[in-house]
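**Q** Sharing a model that was predicted from the sequence below.
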Amino acid sequence: MSLIIKNLCVNHGSIEAIHDLSFKVEPGELVAIIGANGAGKTTLLRTLSSLKSPASGSATWDDSDILNKKPEDLVRQGILHVSDGKTVIPELTVKENLSLGGLWRKDKQDVALATNEVLDLFPILSERASQRADTLSGGERQMLAIGRALIARPKLLLLDEPSLGLAPLIIDQIFSAIKALRNRLGLTVLLVEQNAMGALGIADRGIIINLGKLVAEAKAKDLINDPGLSAAYLGF
Amino acid sequence: MRLLSTLLIGISSGSIYALMALALVLVWRSTRVVNFAQAGQAIASTYIGYVVITHTNNYWLALPVAIMAGALIGALSDILLIRPLNKRITSGPVKEIAPVIATLGLLGLIRSLVGVIWGGDLKRYNAPVSINGFTFGHTTIPFSRFNLLIVFTAVAVMAIFAFVFQRTGLGLALRASAFQPEIARLAGVRVDLVRTVGWAIAGATGAIAGVLITPSTSLSPNSLDLLLVLGFVSAVIGGLESLIGAAIGGAILGIGLALILEYVSTSLAFPAAFIVLMLVLIIKPSGILGSKAGRDA
Amino acid sequence: MLKSKPIRFLLLILVAGVLFLLGNVLPDYRVYEGATASIYVIAIASIILLTGYSGQISLGHGALMAIGGYAAVLSRKYWHTSGVISLIIAVLAAALFGVILGYAAARLRGPYLAGTTLALAVGLPSLANQFHFLGGEQGLNFDIGAPPKFLGSNFSTTKWYFWICSIAALIIFWLVQNLLHSRYGRQWKAMRSAPVSAALAGINIARSKVLAFIISSGVAGLAGALLVMTLNLVTPSEFPLSLSFAIVTGAVLAGIARLPGAVVGALIIVAIPDLADQIATKIGGAERISANLPGFITSLLLILTILFAPNGAKIGKLVSHGSTRT
């Protein structure tokens, strides 16, 4: 059950946001996609979750084509995308946001089970269950969004900049949680981040993208330790 | 006494406006479209109900048939017109008004079809229960069993709406799809399907309104136009953003109109609606329960 | 090429000449249709300005036409104003109402504005039924006077009306086109497509919108007065809700932001009842069919246009040549 991306080209308006991108993610891997703002990372995830249509290329998950489908169909295949920016529905309560993740599932017992697991993982959500999601802090919203995704029992998790706008302490919490989840549930995770250090700290492998092209691909710790790459792309 | 009867009449007619308003708010909330074709969907459903009544003389059979017709027509309107429209028009000078134009066109289309099938002459059918006012001793108030039925139906529909919206998965999906369709999709909600269901429910609600109001006004292809306007005004008064607002708007308009018609002049129906609307919008431009964000969205 | 003022002016003179010839050659009922078409051109132009350019929707321009119509009639009846002055008063009266409506509209967005104008369209004309001095349901007569003597005694009233209407249409077309090319037109386009940037660039959005409403109302008022002129009568039933819809339809058919398309839109609107009649007789329909066919065709056209050519028929594009690029 791997994610295989071949020669992907995606346009954003008249700009070529992703150019000839190819890489592979093995089952159970946690791969960090690093790059500066505007590098095309968000476009990549949006294309993989079928929110966007590519110009050319292919992407398969578990040998089935995942491009140009409907996002809600991909959810049923176990591909869950937590988008950047707006991640939860502010007008709904925490509980309702979570329920949303399990609406499509037929196995309501497992949904209840999964919900409890999520509430154990992020106890703050339990506390705030009946509050509207717009009363939550940034970190809490991120937990809610990830929690919602987990209720769908994902196999592939696409996370778009979960650390954006969060305080360092919370960022640590979120990243640890992501790693723990991967370890416990055997998820495959594609983590897009500007926070290179944090992301590479939990990842197995790292892929650096600049201006839509793949620039480097290596084991995470090798990337951290390569001074040339760090200076050029990781900002340190 | 006169005041009481006027208020009662206002509540009865306001109930029907509220139903129409509910349908409009439902579609607005879920698709961001003001469905002017609501009147067309309602009139077609009402005619179908009329056909059932003339053949079976059974109002209680006609009502559910009309409701199902309304649901079907509503769903088809979304599938055949609104979905393709949203796919094609993503920008440009017409983006905001394209759905308005489309539903206006659909209204005219359905109305002319209804005219062709059934003709323009006025048709009538009777209310299922007494339309004589209740009597207390020597006084008869202009509020009958039928008025009571109307109010009861409206309240029942609103209660069902409230329940479905707040306590069922469908309601959650409807709300989520209306607020943040993209997030809903990413959570696995079949947003397109859910929206179509929303249109179907709205169509059914409009059908109820049409069937309820017709015994008092008689039936012709244009007979629900006024109801559309009054329903829309009610929805705007209530703020277009909440179903409770629709109900409140209907009540305000119904009572307001009844008061104006009783105490000022009997033939000022149209301008009176406009006056009530302007008063509300001057005081609160986003409607009584509307929020600023809602107004601009 | 079409941008340069002198050339556009010459073009209009040319069109005027063609219309003059047509007026003399065509039978009376066609000439009458021509007058009606000119009136629609004016009304549609007002919508193009308001909706296509400043992005505000109005479903109630029929009411503004009614204001213009009644104003013209009343001023002639009580102040004995000449024909031209009556028309000018119509414009001013409607524009004045446009001030009020414009300020209200500036505070309302999308559906709220649609609803208000809808209620206006339904409510305003029937006000005339209430007040005796407005003539009630029967309405008031309006006679703009016979054609001037120098045109000859054979000059029919219909031709006279056609001349007045088409000249008015040409003048309005000229004025509105200039307006749309001026900085106001550019402001409106900017407001419509990028409101935040426009505001940041210093455009006073509210004032700009109100201005658009005032001008659009005045133009609609003129159309209403001309309509009343051709009918020799003003009654509430001349301004039904369907009139407001027809104007918006014509604007959409035209290409909502392309002024030259107004002519196409107007012609289509006027042609539909004729076309419907022909089809109805061909399929030998009952009265039901012939009564509903015009509405059916209009609605179908509207839906097809908005689905497949939302920015107007290709004809509009050809004529405007990018001079009103959206």
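**A** Cool, the structure landed.

**Q** Mind jotting down where the strands sit in chain A?
**A** A:3-12, A:15-25, A:30-34, A:56-61, A:64-65, A:79-82, A:156-160, A:188-193, A:205-210, A:213-219 (DSSP state E).

**Q** I'd like those laid out as a markdown table, including mean pLDDT.
**A** Shown next, in a markdown table, are the strands of chain A (pLDDT from 0 to 100):
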| stretch | mean pLDDT |
| --- | --- |
| strand A:3-12 | 91 |
| strand A:15-25 | 91 |
| strand A:30-34 | 92 |
| strand A:56-61 | 92 |
| strand A:64-65 | 91 |
| strand A:79-82 | 94 |
| strand A:156-160 | 94 |
| strand A:188-193 | 92 |
| strand A:205-210 | 89 |
| strand A:213-219 | 87 |
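
**Q** Distance to chain C and mean neighbour count added to those, as TSV?
**A** Every C-beta, even on glycine, is put in place using the N, C-alpha and C of the backbone. TSV is the format used below for those (distance: least, C-beta to the nearest C-beta, whole Å; neighbours: other C-beta atoms under 10 Å in any protein chain shown):
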stretch	distance to chain C	mean neighbour count
strand A:3-12	18	19
strand A:15-25	19	18
strand A:30-34	31	25
strand A:56-61	28	17
strand A:64-65	30	9
strand A:79-82	28	26
strand A:156-160	25	25
strand A:188-193	28	25
strand A:205-210	30	22
strand A:213-219	31	16
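
**Q** Looking at those strands, which is nearest to B:Ala75?
**A** Among the strands of chain A, strand A:79-82 comes nearest to B:Ala75, with 29.1 Å by C-beta to C-beta.

**Q** Can you tell me what sits against the closest one?
**A** Outside strand A:79-82, the residues within contact range by C-beta atoms under 8 Å, 6 or more residues apart in numbering or on different chains are A:45-46, A:48-49, A:51, A:61, A:66, A:71, A:74, A:145-146, A:149, A:152, A:154-160, A:162, B:186.

**Q** show me where pLDDT drops low in chain A?
**A** Residues of chain A meeting the criterion pLDDT under 70: A:230-236.

**Q** May I have the residues that are in contact with the residue in the stretch 101-250 of chain B positioned nearest to chain A?
**A** Closest approach between the stretch 101-250 of chain B and chain A, counting by C-beta to the nearest C-beta: B:Gly188, at 3.6 Å. By C-beta under 8 Å, 6+ apart, the contact set of B:Gly188 is A:72, A:75-76, A:101, A:103-105, A:152.

**Q** Checking it next. Helix, strand or coil?
**A** coil (DSSP: H, G, I helix; E, B strand; the rest coil).

**Q** what's the answer for the one 5 residues further on, then?
**A** Under three-state DSSP, B:Leu193 falls in the helix class.

**Q** Report pLDDT for it.
**A** Note on B:Leu193: pLDDT of 93.

**Q** swap in C:Tyr29?
**A** pLDDT recorded at C:Tyr29 is 79.

**Q** Which parts of chain A are helices?
**A** A:41-48, A:71-76, A:94-102, A:108-121, A:123-127, A:138-151, A:168-185, A:196-202, A:220-225, A:227-229 (DSSP state H).

**Q** what comes up buried for the first one?
**A** It stands for helix A:41-48. Within helix A:41-48, the residues scored as buried using 16 or more other C-beta atoms under 10 Å in any protein chain shown are A:41-48.

**Q** Adding distance to B:Glu182, write these out as TSV.
**A** Below are those laid out as TSV (distance: C-beta to C-beta, whole Å):
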residue	distance to B:Glu182
A:Lys41	18
A:Thr42	13
A:Thr43	15
A:Leu44	17
A:Leu45	13
A:Arg46	10
A:Thr47	14
A:Leu48	15
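
**Q** Which single one of those is nearest to chain B?
**A** Distance to chain B across the buried residues of helix A:41-48 (C-beta to the nearest C-beta) is lowest for A:Arg46, with 9.6 Å.

**Q** which residues does the spatially closest residue to the closest one that is not a sequence neighbour contact?
**A** In space, and not counting its chain neighbours, A:Arg46 is closest to A:Lys52: 4.3 Å by C-beta to C-beta, 6 or more residues apart in numbering or on different chains. Taking C-beta under 8 Å, 6+ apart, we find A:Lys52 in contact with A:10, A:43, A:46.

**Q** Would you mind confirming that A:Cys9 is in contact with A:Ile15?
**A** No: with contact defined as C-beta atoms under 8 Å, A:Cys9 does not count as touching A:Ile15 (11.7 Å).

**Q** Look up how far A:Leu156 lies from the residue of the stretch 101-250 of chain B closest to chain A.
**A** B:Gly188 is 14 Å from A:Leu156, where distance means C-beta to C-beta, to the nearest Å.

**Q** so what's the most centrally placed residue in chain C scoring on pLDDT?
**A** For chain C, C:Ala43 is the residue whose C-alpha lies nearest the centre (C-alpha atoms, centre = their mean; 0.5 Å). On pLDDT, C:Ala43 comes in at 93.

**Q** That one: which element?
**A** Element membership of C:Ala43 [criterion: DSSP states H and E] is helix C:28-47.

**Q** what's that helix packed up against?
**A** Secondary-structure packing of helix C:28-47 (3 or more C-beta pairs under 8 Å, 6 or more residues apart in numbering or on different chains; DSSP states H and E): helix C:5-25, helix C:61-79, helix C:157-181, helix C:205-231, helix C:241-254, helix C:261-282.

**Q** Check which residues of the last one are buried.
**A** This means helix C:261-282. Under the neighbour-count criterion of 16+ other C-beta under 10 Å, helix C:261-282 has C:261-270, C:272-273, C:276, C:279-280 buried.

**Q** shouldn't B:Ile183 be in contact with A:Lys86?
**A** Yes: counting by C-beta under 8 Å, B:Ile183 does reach A:Lys86; the two are 6.6 Å apart.

**Q** The two: which is more packed in?
**A** Each of B:Ile183 and A:Lys86 had its neighbours counted (other C-beta atoms under 10 Å in any protein chain shown), and the higher figure belongs to B:Ile183 (24 against 12).

**Q** hang on, the earlier thing: now the contacts of A:Lys52 in CSV, please, with extra columns for distance to B:Thr140.
**A** Below are the contacts of A:Lys52 laid out as CSV (distance: C-beta to C-beta, whole Å):
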residue, distance to B:Thr140
A:Val10, 73
A:Thr43, 72
A:Arg46, 67
